[in-house]
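>>> Predicted structure and sequence below. I'll ask about it afterward.
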Amino acid sequence: MADEKEVEESSVQSADPYDLVVEGCRLPVNMSNSDEWPLAEILSRKTTDSGLSIYVHYIDYNKRLDEWVTPERLRLEGLQFPKKDVKTPVKERGLGLGLAVNSCNSSRASSPAPPELVNGNSTATTTSSSGTPLATLPQQMQPSAPVVKQKATVGRKRKLPFSDFEKGEENQDGSSQYSHSENQPRQTGSMVSTDDVLTRIKNIDLIELGKHRIKPWYFSPYPHELTSKQVIYLCEFCLKYSKSFTCLTRHKTKCSLRHPPGNEIYRKNTISFFEIDGRKNKAYSQNLCLLAKLFLDHKTLYYDTDPFLFYVMTEYDSKGFHIVGYFSKEKESSEDYNVACILTLPPYQRKGYGKLLIEFSYVLSQFEGKTGSPEKPLSDLGLLSYRSYWSQTILETILKLPSPSDGERPQITISEICEATSIRKEDVISTLQHLNLINYYKGQYILTLSKETLDTQQKAMLKRTIRIDPKSLHWTPKDWSKRGKW
Ligand code: ACO
Ligand code: ZN
């Protein structure tokens, strides 16, 4: 009520009703390419030659849908003012979560607390659609509960590695390397320090990368000078950024790369993986992180790429090895994370490449003789992709079990699933629970595979046309802890 009164009073004083629409207010906004009018928070406003533009964040939606809108897309009748008694600055209000507190998706979309087995060797029996058990897993879990304990969901935020620009590097195109400090991404500390309202607003409109023009999803600390450009141009092989097509063309006459730097450790048909050491190829790693940040919201940039390896997946054609996506991995992870950040570039998304990247990360773990897990929190799309990968891989393992000759049901332990897949135990259990496969039956845990689950699995596996072939991986794991220096 107080707010309504306030609107009335202010309206009397204000000639232009849009003057009331200031940072921190909320109101229904017509979302691009839809008939919906979800509630949105005003993050910024600007007046240009073409008039007023308002930057909005849709409260219940991922930040990648944030956008500049024109006034006619605002429903002024629904205007809500920021709560008066909250004395916090705009950037901390409401859903105005900055990068440090983390984005709207971290709490909602991070992996649900993975259950941990207290009593490790749990077993279960798989059951067919008819209810006949297919596989019995020797089990020692107590009947009272699926003996799990919750793990905290709020993970430490991963910082995307991103170290100082190589100052001694040759200025290849006159635009990619900036000498003036204002034009450089910050060189010390992490993105957390830039956690203000500016980092909540997309700063790059469009990038050109090879044959693709891509709309960024989030803020990335490219030099300020580039943020006023309609398009920024990236060399698709070394990932250097240029402020104009002319600069990129000039760069291309000098850049001889036709693939990412580092070692090509995998090739099968047109798909290759290159391993890049963040210490040896700093410039490339930094440029990759800057590019990745455009699509990764819940990660902050960290200015040191040395502790990371980058696995870049490419697709080959006569022009070269074109980047499709990548994941980074700490050389030494105290928590046995096998992926720090993972990305499929938007033009390649939803085609199975994400799962291919994930599969590759687990094949590396297989070669290391370890289980691994992605670093938390996961993004909304990260969680969907991992859930899908874990489900398909675990079911594939269970369904491949040979039937014992004695007519008994095949048996497998959770630990054996982990060993076969390199998926960490917590992720195996949470996946089985998520799929709702675990049942307690006559004193033991059994896995019941319904016809629906089997059908879904069959269809999903038919879609997985490209798979990682471990025979095409030429790679020996390094024990980084034994090295003096990364
Ligand atoms: N909407 C709904 N489901 C989706 C979507 C989407 N937009 N995108 C992916 N999925 C799901 C699908 O369920 C799909 O499984 P399905 O085949 O069973 O339907 C599954 O994710 C994987 O699909 P892929 O095509 O293999 O994955 P994709 O190439 O699209 O890559 C990725 C997935 C890497 C998460 C991509 O969306 C991305 O790069 N997002 C931006 C960056 C990001 O969020 N990375 C993960 C952060 S977490 C971390 O780094 C550890
Ligand atoms: Zn180049």
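Yep, that arrived. Ligands and ions are numbered 1, 2, ... in the order given.
>>> make it CA atoms for all contacts and neighbour counts henceforth
Noted.
>>> got the residues of the stretch 251-400 of the chain near ligand 1?
295-296, 339-345, 349-355, 374-375, 378-379, 381-382, 384-385, 388 (C-alpha under 6 Å from any ligand atom).
>>> Can you select the buried ones among those for me in ChimeraX?
Only the buried entries of these go into this ChimeraX selection, using 16 or more other C-alpha atoms under 10 Å:
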select :295,296,339,340,341,342,343,344,345,352,353,354,355,374,375,378,379,382,385
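>>> Show only the entries of the residues of the stretch 251-400 of the chain next to ligand 1 found in strands.
The strands, defined by DSSP state E, take in 339, 342, 343, 344, 374 from these.
>>> Output the residues you listed in JSON lines; the columns should cover distance to ligand 2.
What follows is those, written out as JSON lines (distance: C-alpha to the ion, whole Å):
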{"residue": "339", "distance to ligand 2": "26"}
{"residue": "342", "distance to ligand 2": "22"}
{"residue": "343", "distance to ligand 2": "21"}
{"residue": "344", "distance to ligand 2": "20"}
{"residue": "374", "distance to ligand 2": "30"}
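>>> Could you work out the end-to-end span of stretch 308-327 for me?
Stretch 308-327 has an end-to-end distance of 10 Å (C-alpha to C-alpha, to the nearest Å).
>>> returning to what we had before: hmm, which two among the ones in strands among the residues of the stretch 251-400 of the chain next to ligand 1 are most spread apart?
Comparing all pairs in these by C-alpha to C-alpha, the longest separation belongs to 344 and 374, at 15.1 Å.
>>> what does stretch 45-58 rub up against?
22-23, 38-44, 63, 65-71, 201 (C-alpha atoms under 8 Å, 6 or more residues apart in numbering).
>>> Just the residues you listed: which are in helices?
Members of the contacts of stretch 45-58 lying in helices (criterion: DSSP state H): none.
>>> Narrow these to those that are buried.
Members of the contacts of stretch 45-58 classed as buried by 16+ other C-alpha under 10 Å are 22-23, 38-44, 63, 66-70, 201.
>>> Columns pLDDT on top of the ones in strands among the residues of the stretch 251-400 of the chain next to ligand 1, output as CSV?
Formatted as CSV, these follow (pLDDT from 0 to 100):
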residue, pLDDT
339, 97
342, 97
343, 98
344, 98
374, 98
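>>> Rebuild those as JSON lines, extending it with distance to residue 476.
As requested, those are arranged in JSON lines below (distance: C-alpha to C-alpha, whole Å):
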{"residue": "339", "distance to residue 476": "18"}
{"residue": "342", "distance to residue 476": "22"}
{"residue": "343", "distance to residue 476": "24"}
{"residue": "344", "distance to residue 476": "25"}
{"residue": "374", "distance to residue 476": "21"}
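>>> if we take the buried ones among the contacts of stretch 45-58, which one ends up nearest to ligand 1?
Ligand 1 lies nearest to residue 63 out of the buried ones among the contacts of stretch 45-58, by C-alpha to the nearest ligand atom, at 11.4 Å.
>>> Quick check on the closest residue to that closest one other than its chain neighbours: phi, psi?
If the residues on either side of it in the chain are set aside, residue 63 comes closest to residue 57, at 6.5 Å by C-alpha to C-alpha, 6 or more residues apart in numbering. With angles defined as degrees, to the nearest 10, residue 57 sits at phi -120, psi 120.
>>> Now do the phi/psi pair for the closest residue to residue 273 other than its chain neighbours.
Distances taken as C-alpha to C-alpha, 6+ apart place residue 313 nearest to residue 273, at 4.5 Å, with adjacent residues excluded. When read as degrees, to the nearest 10, the backbone of residue 313 gives phi -100, psi 130.
>>> Which residues are in contact with residue 313?
Residue 313 touches 271, 272, 273, 274, 323, 324, 325, 326, 357, counting by C-alpha under 8 Å, 6+ apart.
>>> does the fourth one count as helix, strand or coil?
I take that to be residue 274. Classification of residue 274 by DSSP: H, G, I helix; E, B strand; the rest coil places it in strand.
>>> Quick one: residues contacting it.
Neighbouring residues of residue 274 by C-alpha under 8 Å, 6+ apart: 260, 261, 262, 263, 264, 265, 266, 310, 311, 312, 313, 314.
>>> same check, this time on the last one
Listed by C-alpha under 8 Å, 6+ apart, the contact set of residue 357 reads 313, 325, 326, 327, 342.
>>> Could you report the neighbour count for residue 442?
Counted with other C-alpha atoms under 10 Å, residues neighbouring residue 442 total 8.
>>> ok, now how distant is it from ligand 1?
Noted for residue 442: a distance of 33 Å to ligand 1, by C-alpha to the nearest ligand atom, to the nearest Å.
>>> so residue 390 touches residue 430, yeah?
No. Using C-alpha atoms under 8 Å, residue 390 makes no contact with residue 430, being 9.6 Å away.
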